[in-house]
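K.L.:
Here is a sequence together with a model predicted from it:
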Amino acid sequence: MTASPGWHPDPTDPSQMRWWDGSQWTAQVFYGTAPLQVSPAAMRETHQEQKRINSQKAAASMKTGCIAIGGAIVCGIIAIAASNSMAAGITFALLAALGLLIALFSFSRFLVFYMQ
């Protein structure tokens, strides 16, 4: 048989499907109509692609967290320096707190993507 790997009608029992690995029939059988045609190699490729995507998301989350920390530090310094203006000090202090919250969220997302 020269068919591509996948589920094909079993040559010994037409009521079932059997997996053809490209060179020989395997012991894997399926009763009924053919299931989704997903080879083990395609599953590995999908898994590797998902790992690559998660790695990119982890890197983006880490960069966002670092930028947010930097912004929070700058806003904190400005808030301290603007102590003569109460409104400016509070505004920059709130921006610093917001930056820290964004950083915390970004670093938690980094851990989620990194651990997958």
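P.N.:
Received, thanks.

K.L.:
mind checking the longest helix of this structure?
P.N.:
Across the chain, the longest stretch assigned as helix under DSSP state H is helix 40-81.

K.L.:
Packing partners of that helix?
P.N.:
Using 3 or more CB pairs under 8 Å, 6 or more residues apart in numbering; DSSP states H and E as the contact test, the elements touching helix 40-81 are helix 86-115. Any C-beta I mention is one placed from the backbone N, CA and C, and that applies to glycine too.

K.L.:
Compute the inter-axis angle for the helix it packs on and helix 40-81.
P.N.:
160 degrees (axes from the mean of the first three to the mean of the last three CA atoms, to 10 degrees).

K.L.:
okay, and for the protein, where does confidence drop off?
P.N.:
1-2, 33-38 (pLDDT under 70).

K.L.:
The same query, at a cut-off of 90, please.
P.N.:
Counting by pLDDT under 90, the chain shows low-confidence ranges at 1-22, 27-55, 58, 65-95, 107-116.

K.L.:
the domain parsing of it - what is it?
P.N.:
1-36, 40-115 (automatic domain parsing).

K.L.:
Including mean neighbour count, could these go into JSON lines?
P.N.:
Below are these laid out as JSON lines (neighbours: other CB atoms under 10 Å):
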{"stretch": "domain 1-36", "mean neighbour count": "12"}
{"stretch": "domain 40-115", "mean neighbour count": "14"}
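
K.L.:
Checking the most far-flung residue of the chain relative to its centre next. Helix, strand or coil?
P.N.:
Within the chain, the residue lying farthest from the chain centre (CA atoms, centre = their mean) is Asn84, at 46.6 Å. Following DSSP: H, G, I helix; E, B strand; the rest coil, the label given to Asn84 is coil.
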